[in-house]
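Participant: 3D model of this:
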Amino acid sequence: MAEKAKVPTYDKLMWPLLRALKSMGDSASHSELLEKAIEQEGIPEAIHSVPPTDGRQTKVSDNLWWSHAYHGKVCA
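Facilitator: Residues are numbered from 1 along each chain as shown. I've put the predicted structure just below:
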């Protein structure tokens, strides 16, 4: 599980989230933001496909969701 240690945390995904939002006109679905952030950051498949403990979505997707949630609280 060496890859798990390399999964970006939600705070490390804040700038990628903001860059993705800006490049998409400040409006996008979670899956669109995830795809754009992965592309812009060059996150390899082995990292962005690491499953979380709950098994619902990938760890990167979950962490990006938290980044977006905190961003929403700051901008509210």
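
Participant: and stretch 62-76, which residues are buried?
Facilitator: Buried residues in stretch 62-76, counted by 16 or more other Cβ atoms under 10 Å: D62, N63, L64, W65, S67, H68, H71. Placement of C-beta: from N, CA and C, glycine included.

Participant: can you tell me which helix or strand the spatially most central residue of the chain belongs to?
Facilitator: Note on the chain: the residue nearest the mean C-alpha position is L64, at 2.8 Å, using Cα atoms, centre = their mean. Using DSSP states H and E, L64 falls within helix 59-75.

Participant: Helix or strand with the lowest mean pLDDT in the protein?
Facilitator: helix 2-6 (a mean of 54; mean pLDDT, DSSP states H and E).

Participant: need the next SSE after that one, C-terminal direction.
Facilitator: helix 14-23.

Participant: so where's the chain shaky on pLDDT?
Facilitator: 1-5, 76 (pLDDT under 70).

Participant: need the contact list for the closest residue to V50 other than its chain neighbours.
Facilitator: Distances taken as Cβ to Cβ, 6 or more residues apart in numbering place K59 nearest to V50, at 4.7 Å, with adjacent residues excluded. With contacts defined as Cβ atoms under 8 Å, 6 or more residues apart in numbering, K59 is in contact with K4, V7, V50, P51, P52.
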